[in-house]
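Asks: missing the sequence, but the structure's below:
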């Protein structure tokens with residue numbers, strides 16, 4: 001941890017971390033009428049099929065990845081907030097199968113706060129980018145009553161090795177690289193109800209880069225059919241995006257989900273982030289949940305994650321190799337079931 005500060009950053013935020021995202025249903029309505037007149041053929045991924053980042057091909061061997069992400073404080077320690085926000089922003093590059101080149105700081109900050117607090121936030125972000133093998137190349141800042149921090153990130157990827165949300169196939173195994181529950185735990189922390197060890201586990205997860213998880217998926221080549229990262233739209237929200245792009249249904253085994261320590265306890269204590277209700281509103285009508293899965297388990301399924309893991313649909317033959325490696329704790333959490341022609345027929349089931 002860094003220097004001691006009397007200010008609780010989370011008290012200055014109306015929503016913490018990725019729970020501050022606009023709901024997926026509202027966002028879809030916002031971008032629906034946007035139609036660009038000219039789209040260069042080099043833009044491999046843009047608004048046409050919305051993914052985790054934009055990809056622009058510059059040569060036969062290289063394509064540039066561009067993405068941005070920022071949010072209000074999810075923890076009180078300035079350095080840790082910066083590290084989490086940066087790790088979360090970098091994740092979009094990894095979700096596309098790329099490598100990080102550089103990043104630009106994005107800052108909205110109250111001028112009433114001591115400048116040393118912001119310096120620590122930026123240091124946390126800078127060191128996360130350094131761990132990713134990139135560099136901070138500049139930034140932009142504005143004055144704002146609510147603090148916010150994040151990055152605009154530039155990465156690189158081979159045009160034929162891009163990981164996308166679309167492509168999942170019936171029979172694929174669904175895997176996840178990080179435990180769920182950051183939204184519930186950070187909300188408990190904001191309310192002064194979290195156990196120190198539980199918060200430490202959440203911070204460790206949120207500051208762990210998805211770099212190696214991405215590399216393992218890219219190394220698997222065509223056996224990985226689709227990939228994304230799990231952030232503010234929750235496990236089911238991001239699974240719905242993949243299912244929609246792939247035109248498939250999915251089935252999840254709730255007992256197989258990796259969870260952070262004592263997450264159910266915080267759900268039972270009512271530490272549900274505001275983003276949970278938005279996630280239910282966005283995709284709840286397309287989800288079938290078994291009767292034995294109660295409201296607290298459902299709070300976990302729709303919990304908005306901050307800097308969550310990579311979620312992928314893989315060929316079953318890859319699972320043996322992926323499960324035997326010890327670098328990244330991928331968990332098998334479900335499977336892709338039916339192929340459908342009508343998006344309204346897409347169902348996510350949880351058993």
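Replies: That came in fine, so what should we check first? Note that the structure is predicted; figures quoted are calculated from it, not measured. Numbering: from 1, shown residues only.

Asks: Can you give the domain ranges for this structure?
Replies: For the chain, the domain assignment from automatic domain parsing gives the residue ranges 9-157, 173-350.

Asks: Just put those in a markdown table and tack on distance to residue 164.
Replies: Backbone N, C-alpha and C define where each C-beta goes, glycine included. As requested, the domains of the chain are arranged in a markdown table below (distance: least, CB to CB, whole Å):
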| stretch | distance to residue 164 |
| --- | --- |
| domain 9-157 | 6 |
| domain 173-350 | 7 |
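
Asks: can those domains go into TSV with extra columns for mean neighbour count and distance to residue 163?
Replies: Below are the domains of the chain laid out as TSV (neighbours: other CB atoms under 10 Å; distance: least, CB to CB, whole Å):
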stretch	mean neighbour count	distance to residue 163
domain 9-157	19	4
domain 173-350	20	4
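
Asks: Check those domains for me: which has the lowest mean pLDDT.
Replies: When the domains of the chain are compared by mean pLDDT, domain 9-157 comes last with a mean of 90.

Asks: tell me how far that one is from the chain's mean position?
Replies: For domain 9-157, the separation from the chain centroid amounts to 11 Å (computed by CA atoms, centre = their mean, to the nearest Å).

Asks: How about stretch 319-331?
Replies: Computed by CA atoms, centre = their mean, the chain-centroid distance of stretch 319-331 equals 20 Å.

Asks: Compute the first-to-last residue distance for that stretch.
Replies: One end of stretch 319-331 to the other measures 10 Å (CA to CA, to the nearest Å).

Asks: Also stretch 105-114?
Replies: Chord length of stretch 105-114, first to last residue, is 19 Å (CA to CA).

Asks: what's in contact with that stretch?
Replies: Contacts with stretch 105-114, where a contact means CB atoms under 8 Å, 6 or more residues apart in numbering, come from 5, 7, 12, 68, 70, 118, 121-122, 125, 136, 138-152.

Asks: Next step: the residues you listed restricted to helices.
Replies: 118, 121, 122, 125 (DSSP state H).

Asks: how close does residue 230 sit to residue 13?
Replies: With the distance defined as CB to CB, to the nearest Å, residue 230 ends up 21 Å from residue 13.

Asks: What of residue 198?
Replies: Here residue 198 is placed at a distance of 20 Å from residue 13 (CB to CB).

Asks: And the strands in the stretch 201-350 of the chain, which stretches?
Replies: For the stretch 201-350 of the chain, the strands defined by DSSP state E, counting those that start in this stretch cover 224-229, 248-252, 287-289, 310-314, 331-339, 348-350.

Asks: So which of those strands is nearest residue 81?
Replies: Across the strands of the stretch 201-350 of the chain, residue 81 has its closest neighbour in strand 224-229 (19.1 Å, CB to CB).
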